[in-house]
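In: kindly generate the corresponding structure for this input.
(2 chains)
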Amino acid sequence: MSQAEDIESVDEDGVIESVSGPVVTATDLDARMNDVVYVGDEGLMGEVIEIEGNLTTIQVYEETSGVGPGEPVQNTGEPLSVDLGPGMMDSIYDGVQRPLDVLEDKMGTAFLDRGVDAPGIDLEKEWEFTPEVEEGDTVEPGDVVGIVPETVTIDHKVMVPPDYEGGEVTAVKSGEFTVEETVVELDNGEEIQMRQEWPVREARPAGDKETPTEPLVTGQRIQDGLFPLAKGGTAAIPGPFGSGKTVTQQQLAKWSDADIVVYIGCGERGNEMTEVIEDFPELPDPQTGNPLMARTCLIANTSNMPVAARESCIYTGITIAEYYRDMGYDVALMADSTSRWAEAMREISSRLEEMPGEEGYPAYLAAALSEFYERAGKFQLINGDEGSISVVGAVSPPGGDFSEPVTQNTLRIVKTFWALDADLAERRHFPAIDWNESYSLYKDQLDPWWEDNVEDDWPEVRQWAVDVLDEEDELQEIVQLVGKDALPEDQQLTLEVARYLREAWLQQNALHDVDTYCEPEKTYRMLQAIKTFNDEAFDALEAGVPVEEIQDVDAAPRLNRMGTAEDWNEFIDELEADLTEQLRALY
Amino acid sequence: MKEYQTITEISGPLVFAEVDEPVGYDEIVEIETPQGETLRGQVLESSEGIVSIQVFEGTGGIDRNASVRFLGETMKMPVTEDLLGRVLDGSGNPIDGGPEIVPDQRQDIVGEAINPYSREYPEEFIQTGVSAIDGMNTLVRGQKLPIFSGSGLPHNELALQIARQATVPEEEEGGEEGSEFAVVFGAMGITQEEANEFMDDFERTGALERSVVFMNLADDPAVERQVTPRLALTTAEYLAFEKDYHVLVILTDMTNYCEALREIGAAREEVPGRRGYPGYMYTDLAQLYERAGRIEGKEGSVTQIPILTMPGDDDTHPIPDLTGYITEGQIVMDRDLNSQGIEPPINVLPSLSRLMDDGIGEGLTRGDHGDVSDQMYAAYAEGEDLRDLVNIVGREALSERDNKFLDFADRFEQEFVQQGYDTNRSIDETLDLGWDLLSMLPKEELNRIDEDLIEEHYREEEPEAVQAD
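Out: Here you go, the predicted structure:
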């Protein structure tokens, strides 16, 4: 049930039988699975999760202190749903789509009070509706009937809801309306408003999934360059605490070239969400220059907010993402962190005294994870258009141990794996993505895009970088034993080149104004510059120049400044010329 | 208020009683033993006809004839500004022989979550006077920054040093009125000796006047440890958000708190999570740690420094692990550094302050702060790595460059981290010291520092400095 509707008591009230944390049981409640109910005298929102004879088990989305047996439980007769319509961009919700700014207003305090409801979208606000259909047109489910300018960046498309039948348009309005007013009428009596409702646990219908061929350009060198994610793909970022999961997620939310970003803060820190809330309205979107918030929907269910709402926030987020996908947009969804979501499932499951699976997680963990990630993809939509959802899930493995169930079950599903490494983070190598462990299965299918849009020899240059890094990894083992100077000169030089790859190319400073975003052309040129150094240096070595002299060449350390250079094209031109000249001067 | 004599089962810290009218979840219960002693507890589970009660003071002395009273409300902390200077036990009763506390308000100790929309992002630098913290892992107002320590390490000295020295530089100069500094100290299961150490220091430095102390000692009931930090944080929130204080909350030792959590979980026969700790420990800890922060439109702030001893110095143990996922970084104490006599023995490599980046820089600390700290991290990490190698091949086998990094790592520990518990270094002193050390390295190795800053601060005259060739 969505909060937009008045509570009409469908059935008779049930009675609370017992209370234990977020789990409440009630008797005499006539309810179906997953119905939303209001619990106790304060009307706390909850959801039916188990029915056994006359006994109904409910998970409550709010704190249950003081609630006791004997208090009433009211059924709404509807599953947990979200309100879909204009006004979701530039919003910040809790796990059950209550807007946090409205809650602050209604509660009159900075602390989250109980029993306060608010609709997910503003029901009073009037939006400018421009129809796209005329009387006499035939429309089908999913078809766009009109456009609403939602934010400076996003045109919101009003669609025939997927559960309608469709038919001939008999009346069309144009002008300013609230989301509940009918704007288009069909001959079979169906009325279309700007607002739709959809149960969160059910995927919105779409046509076939297609193979993604376009990268989600993130502006992060290691991600775009070595381990790309496709638009419509799935990725996981596991890492121990302090390895930079959240910064990586935020960088993606800021710089990726998706049309819409849905950012879910699931069981994470309050101050981190505040940072996003404060930063995003001020940061410009790299594609349009408009504020980032104009294309962003935030869902914030911090670690100290009720655990049941943490369980549902992932579903709320993906349903909103699907709605924008249905409009034909490329949506990127960041979930930080899916481990907290899994833990919420575990917590509820253990209160239900279910038989636990691995490490106490419920046996349906793997199913829940794959169901969620399967809602990502590049889709042929039911209206014939195309749209995509890319999902990036952070994983917080306990003790940084990737063999735990959440990481393992996630890895079985996702195709891009960005492994964060505590060691790299400790030496402040950011992003701390471990290039030996990470992988992307999209690499090959995305290569044509790079060849067409950046440079023909991209796959070869990238492979060169991968090879050098691999070789370094092997050589480091020897260096650990005998020291660097004991290596032959060509291997010493390889180590030097690898060092530049790591420090100048793989490292990227998220806090630096210029370096924080790196377009694919720059990613390519920076790599090419290091390769120039490599090629010229090996030529010099072959001509008999000692490796120390090559390493000491003046221009080489300037490779480290490429990332932060403002006029990078000129900077790299000049650098490549200098490198070539100085290295050739040695022999 | 109805009184029952219906106890059916007593097991560990739990008491089960039959009731004939509904009792709210989390409500407070008073149990009177036949000896006339009154014990307090809390409803853990409430069902039709039966409730389970967790007794804070332990169930010793309770028998089936004890009477049970339900107070009809959840646990409240009587708060007032007069609490400053007082010493209370782990349940909030005065133990300093002072007058009764006349509360200004009674606040629910569970505490509601701060709406993320109403928070203000913390970015005010707190100068602790400790170089390893100020320079490398800066603390800001509203942050929660735990100290990860081990048994036998001097975490208490460090916590005391921070409590003593913490200031916000501008306010010192501007002499701003209104927002004063206060310390709320919550001790859970620490020994009498440790408690004395804290109390002596508070009294010696006069810090007690601006402190509220909650003491649950090692021989106090374990279950009470569940309540102590909540009382402390409720008091802190009141002082910060109603009375405009900048409150520093020190909670020690979180490990004892988690042990108590496990004890209750086991008594309730819950399905255990990792290493027997309850599956909801993350949520439970988050409900404590997340009570740090700033709120838009409020003057005060709550900053938390929880201390925890890592069992077996293992930071993948569930307690430090879950803590690290919630808090905004960690300060890690190191046994090796301690045995070398470094005071405080902070290992900066695994330490981290997540809120540092927004709290430093031009106008906050100094323009070169970020770069200097990054560079020192990188250089120290490199020196650290080389030490392993030296053990095998010896110093002579290493290049001149490598030797410089080794020297850097040594001096970093001996001069930068090492300062003693009574030295209070200003941020300028800390950063200048950083430049002294960085100037040991050739200029072109300082690849994380802006070139202009190198020009401005690099010590050319340092004997170790080598001209660019």
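
In: give me the average confidence score over the helix or strand encompassing A:D470.
Out: Take DSSP states H and E as the rule and A:D470 turns out to sit in helix A:458-482. Computed over helix A:458-482, the mean pLDDT rounds to 92.

In: hmm, the helix or strand just after that helix in reach of chain B?
Out: Helices and strands here follow DSSP H and E; after helix A:458-482, the next one along the chain is helix A:489-500. No. Judged by C-beta under 8 Å from any C-beta of the partner chain, helix A:489-500 and chain B are separated, with a smallest distance of 10.2 Å. In this view, the C-beta of every residue, glycine as well, is placed from N, C-alpha and C.

In: and the helix or strand just after helix A:489-500, how far from the chain's centre?
Out: For helix A:489-500, the following helix or strand on the C-terminal side (DSSP H and E) is helix A:520-542. Between the centre of helix A:520-542 and the centre of its chain there are 34 Å (C-alpha atoms, centre = their mean, to the nearest Å).

In: check which helices and strands helix A:520-542 sits against.
Out: The helices and strands touching helix A:520-542, judged by 3 or more C-beta pairs under 8 Å, 6 or more residues apart in numbering or on different chains; DSSP states H and E, are helix A:443-453, helix A:458-482, helix A:489-500, helix A:547-551, helix A:568-584.

In: just those helices: most buried one?
Out: Highest mean neighbour count of these: helix A:489-500, a mean of 19 (counted as mean count of other C-beta atoms under 10 Å in any protein chain shown).

In: tell me what angle that one forms with helix A:458-482.
Out: Between helix A:489-500 and helix A:458-482, the angle comes out at 110 degrees (axes from the mean of the first three to the mean of the last three C-alpha atoms, to 10 degrees).

In: quick one: mean pLDDT for helix A:489-500?
Out: Rounded mean pLDDT across helix A:489-500 is 94.

In: which strands and helices lie in contact with that helix?
Out: Using 3+ C-beta pairs under 8 Å, 6+ apart, helix A:489-500 sits against helix A:458-482, helix A:520-542, helix A:547-551.

In: what stretches of the chain score poorly on pLDDT?
Out: If you meant another chain, say so; for now it's chain A. A:1-12 (pLDDT under 70).

In: looking at chain B here, not the other one
Out: For chain B, the ranges with pLDDT under 70 are B:1, B:170-179, B:461-469.

In: in it, what residue lies closest to chain A?
Out: Of all residues in chain B, the one sitting closest to chain A is B:T316 (2.9 Å; C-beta to the nearest C-beta).

In: three-state assignment of the nearest residue to that residue once chain neighbours are set aside?
Out: In this structure, B:T316 finds its nearest non-sequential neighbour in A:G399, 2.9 Å apart by C-beta to C-beta, 6 or more residues apart in numbering or on different chains. State at A:G399, reduced to three classes by DSSP: H, G, I helix; E, B strand; the rest coil: helix.

In: wait, A:G399 sits on A:P240?
Out: Yes. Here A:G399 reaches A:P240: they are 7.0 Å apart, a contact under C-beta atoms under 8 Å.

In: more neighbours: the two, which one.
Out: A:P240 (23 against 18; other C-beta atoms under 10 Å in any protein chain shown).

In: what residues does A:T25 make contact with?
Out: Contact analysis of A:T25 by C-beta atoms under 8 Å, 6 or more residues apart in numbering or on different chains lists A:I16, A:E17, A:S18, A:L55, A:T56, A:T57, A:I58, B:S47.

In: now these in TSV, with secondary structure and neighbour count?
Out: Output for the contacts of A:T25, formatted as TSV (DSSP: H, G, I helix; E, B strand; the rest coil; neighbours: other C-beta atoms under 10 Å in any protein chain shown):
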residue	secondary structure	neighbour count
A:I16	strand	27
A:E17	strand	23
A:S18	strand	21
A:L55	strand	15
A:T56	strand	26
A:T57	strand	20
A:I58	strand	30
B:S47	strand	18
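
In: between the residues you listed, which is closest to B:G142?
Out: A:I58 (35.5 Å; C-beta to C-beta).

In: can you tell me the closest non-neighbouring residue to that closest one?
Out: A:G46 (4.2 Å).

In: quick one, phi psi at that neighbour?
Out: phi -150, psi 180 (degrees, to the nearest 10).

In: for the stretch 201-350 of chain A, what lies in contact range of chain B?
Out: A:240-242, A:265, A:267, A:269-275, A:277-278, A:300, A:302-305, A:307, A:340, A:343, A:346-347, A:350.

In: now with 6 Å, please.
Out: A:241-242, A:270, A:273-275, A:278, A:300, A:302-305, A:307, A:343, A:346-347, A:350 (C-beta under 6 Å from any C-beta of the partner chain).

In: same question, the stretch 51-200 of chain A
Out: A:64-70, A:92, A:100-101, A:104, A:110-112.

In: A:E536 is nearest to which of the helices and strands packed on helix A:520-542?
Out: The nearest among the helices and strands packed on helix A:520-542, by C-beta to C-beta, is helix A:568-584 at 4.2 Å.

In: angle of the closest one against helix A:520-542?
Out: Going by the same axes, to 10 degrees, helix A:568-584 makes 0 degrees with helix A:520-542.

In: contacts for helix A:568-584 next, please.
Out: Contact with helix A:568-584 is made by A:K522, A:R525, A:A529, A:T532, A:F533, A:E536, A:A540, A:V553, A:A555, A:R558, A:A565, as judged by C-beta atoms under 6 Å, 6 or more residues apart in numbering or on different chains.

In: in the host helix or strand of B:L44, which residues are buried?
Out: When elements are assigned from DSSP H and E, B:L44 belongs to strand B:38-47. Residues of strand B:38-47 classed as buried by neighbour count (16 or more other C-beta atoms under 10 Å in any protein chain shown): B:L39, B:R40, B:G41, B:Q42, B:V43, B:L44, B:E45, B:S46, B:S47.

In: for stretch B:428-440, list the C-alpha coordinates in PDB.
Out: In PDB, the C-alpha atoms belonging to stretch B:428-440 read as follows (Å, rounded to 0.1, in the frame of the first residue of the first chain):
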ATOM      1  CA  ASP B 428      51.400  24.300  12.700                       C
ATOM      2  CA  GLU B 429      54.000  22.500  14.700                       C
ATOM      3  CA  THR B 430      52.800  19.200  13.500                       C
ATOM      4  CA  LEU B 431      52.900  20.100   9.800                       C
ATOM      5  CA  ASP B 432      56.200  21.900  10.100                       C
ATOM      6  CA  LEU B 433      57.600  18.700  11.700                       C
ATOM      7  CA  GLY B 434      56.200  16.900   8.700                       C
ATOM      8  CA  TRP B 435      58.000  19.100   6.300                       C
ATOM      9  CA  ASP B 436      61.300  18.600   8.300                       C
ATOM     10  CA  LEU B 437      60.900  14.900   7.700                       C
ATOM     11  CA  LEU B 438      59.800  15.100   4.100                       C
ATOM     12  CA  SER B 439      62.700  17.300   3.200                       C
ATOM     13  CA  MET B 440      64.900  14.200   3.800                       C
END
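
In: what's in contact with it?
Out: B:131, B:134-135, B:366, B:372, B:376, B:408, B:411-412, B:416, B:457-459, B:462, B:464-465.

In: contact partners for the residue nearest in space to the middle of chain A?
Out: For chain A, A:M334 is the residue whose C-alpha lies nearest the centre (C-alpha atoms, centre = their mean; 1.3 Å). Listed by C-beta under 6 Å, 6+ apart, the contact partners of A:M334 are A:Q249, A:L252, A:A253, A:Y263, A:V392.

In: can you flag the buried ones in those?
Out: A:Q249, A:L252, A:A253, A:Y263, A:V392.
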